[in-house]
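Trainee: Build me a model:
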Amino acid sequence: MFGRDWKHGLATVVAVNIPSRGRITPHLVADIEPEDGSPRFRAKFSVSFLNDGDMVALTPDVGQRVPVRFTDADHVKLDIKAMKAEDQQARKADLEALDALAEMPVDSPPG
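Mentor: Model prediction:
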């Protein structure tokens with residue numbers, strides 16, 4: 001269980017519940033699509049974040065597809081490392097687009 005035998009896949013979030021009190025640990029229900037082509041399954045799991053900033057930035061919305069790691073339906077985790085990498089790529093692309101717009105002549109149409 002310590003990093004071994006974990007499989008990778010994509011989860012389509014079906015439901016999100018964020019408790020209103022105590023430690024903020026979102027609970028998710030998601031349809032898991034294993035990367036190796038094995039059958040899809042539905043799982044309920046909780047997400048523990050190291051800090052509130054990650055919780056706010058990385059808690060997925062219903063319908064969102066997010067990377068996960070799992071051993072079976074009872075052991076599913078968001079792949080936080082992959083999510084952060086995707087987020088950094090998206091931010092970099094946004095900044096590059098902003099830089100390109102800044103280099104355009106006055107009165108150029110936006111994006």
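
Trainee: now the protein, which segments are flagged as low pLDDT?
Mentor: 1-3, 21-23, 50-57, 111 (pLDDT under 70).

Trainee: any idea which element residue 92 lies in?
Mentor: helix 80-103 (DSSP states H and E).

Trainee: can you give me the strands in the chain?
Mentor: 7-17, 27-34, 41-46, 65-72, 75-78 (DSSP state E).

Trainee: Out of these, flag the one nearest residue 103.
Mentor: Nearest to residue 103 among the strands of the chain is strand 65-72; the distance by Cβ to Cβ comes to 33.4 Å. (Glycine included, C-beta is placed from N, CA and C.)

Trainee: Which other helices and strands does that closest one contact?
Mentor: strand 7-17, strand 27-34, strand 75-78, helix 80-103 (3 or more Cβ pairs under 8 Å, 6 or more residues apart in numbering; DSSP states H and E).

Trainee: For residue 61, find the nearest of these.
Mentor: Per Cβ to Cβ, nearest to residue 61 of the helices and strands packed on strand 65-72: strand 7-17, 6.7 Å.

Trainee: What lies in contact with the closest one?
Mentor: Strand 7-17 is contacted by residues 26-36, 38, 42-43, 59-71, 76, 78-79 when judged by Cβ atoms under 8 Å, 6 or more residues apart in numbering.

Trainee: So among these, which ones count as buried?
Mentor: Buried members of the contacts of strand 7-17, scored by 16 or more other Cβ atoms under 10 Å, are 26, 28, 30, 32-33, 43, 59-60, 66-70, 76, 78-79.
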